[in-house]
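J.: Fold the stuff below for me.
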Amino acid sequence: MKTLTLLRHAKSDWDDPALRDFDRPLNAKGARAAATMGRHMRALGLEFDHILASPAARVEQTLTQVAGGYGAPLTPGWDRRIYLAPASTLLELIHALPEDAKHVLLVGHNPGLEELVLLLVPGGPMRDEVEVKFPTATIAEIGIAGAWADVAQGSGSLLRFVRPRDLDPALGPDS
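T.: Reported below is the predicted structural model:
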């Protein structure tokens with residue numbers, strides 16, 4: 001079985017209205033959430049043999065913070081097509097993954113990541129949680145049977161869905 005782990009970038013800063021969306025950095029809470037998720041990924045023993053990521057500033061900074069918590073560098077292939085991509089584009093990228101990749105980390109944005117989970121996973125309680133909301137700095141881990149090129153609607157199983165607030169309630173939504 002292959003594993004696809006989706007990571008949504010952490011919470012970004014909206015303080016500078018003149019800044020292009022692509023260039024928005026993380027805010028302090030987002031940096032903490034990303035580091036927390038990195039520590040959790042290490043505790044779970046997750047290891048990735050292929051990483052793809054959007055080159056947006058908030059994704060780059062998310063990966064830096066996740067790597068700090070994880071305790072090892074995460075070296076992605078940066079792909080501009082991931083930036084604000086719909087599920088259909090993300091699925092094309094998945095189809096092109098090298099067959100020898102067993103555990104892939106894909107780091108990007110909503111609504112594309114959420115739509116991808118809903119496309120690939122046919123049902124279940126965790127899927128219902130994704131349908132409600134795929135928050136920032138959240139991971140969704142999907143089991144894939146068969147080849148990357150054959151991934152299709154309903155072909156995955158949701159193995160894990162972890163939000164920062166599941167690990168630290170202070171990282172949940174602002175009141």
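J.: Do a quick rundown of the strands in this structure.
T.: 2-8, 50-53, 77-78, 103-108, 139-144, 156-162 (DSSP state E).
J.: Could you export these as a markdown table, including mean pLDDT and distance to residue 44?
T.: Using the backbone N, CA and C atoms, a C-beta is placed for each residue, glycine as well. As requested, those are exported to a markdown table (pLDDT from 0 to 100; distance: least, Cβ to Cβ, whole Å):
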| stretch | mean pLDDT | distance to residue 44 |
| --- | --- | --- |
| strand 2-8 | 98 | 10 |
| strand 50-53 | 98 | 16 |
| strand 77-78 | 98 | 23 |
| strand 103-108 | 98 | 11 |
| strand 139-144 | 98 | 9 |
| strand 156-162 | 97 | 8 |
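J.: okay, those strands in a markdown table with mean neighbour count and distance to residue 170 next?
T.: Shown next, in a markdown table, are these (neighbours: other Cβ atoms under 10 Å; distance: least, Cβ to Cβ, whole Å):
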| stretch | mean neighbour count | distance to residue 170 |
| --- | --- | --- |
| strand 2-8 | 23 | 19 |
| strand 50-53 | 20 | 26 |
| strand 77-78 | 13 | 31 |
| strand 103-108 | 23 | 23 |
| strand 139-144 | 22 | 18 |
| strand 156-162 | 19 | 16 |
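J.: any chance of these in JSON lines, with distance to residue 62 too?
T.: Supplementary listing: the strands of the chain in JSON lines, determined by distance: least, Cβ to Cβ, whole Å:
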{"stretch": "strand 2-8", "distance to residue 62": "7"}
{"stretch": "strand 50-53", "distance to residue 62": "9"}
{"stretch": "strand 77-78", "distance to residue 62": "13"}
{"stretch": "strand 103-108", "distance to residue 62": "7"}
{"stretch": "strand 139-144", "distance to residue 62": "11"}
{"stretch": "strand 156-162", "distance to residue 62": "15"}
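J.: Counting residues, what is the longest helix that this protein contains?
T.: The longest helix of the chain (DSSP state H) is helix 28-44.
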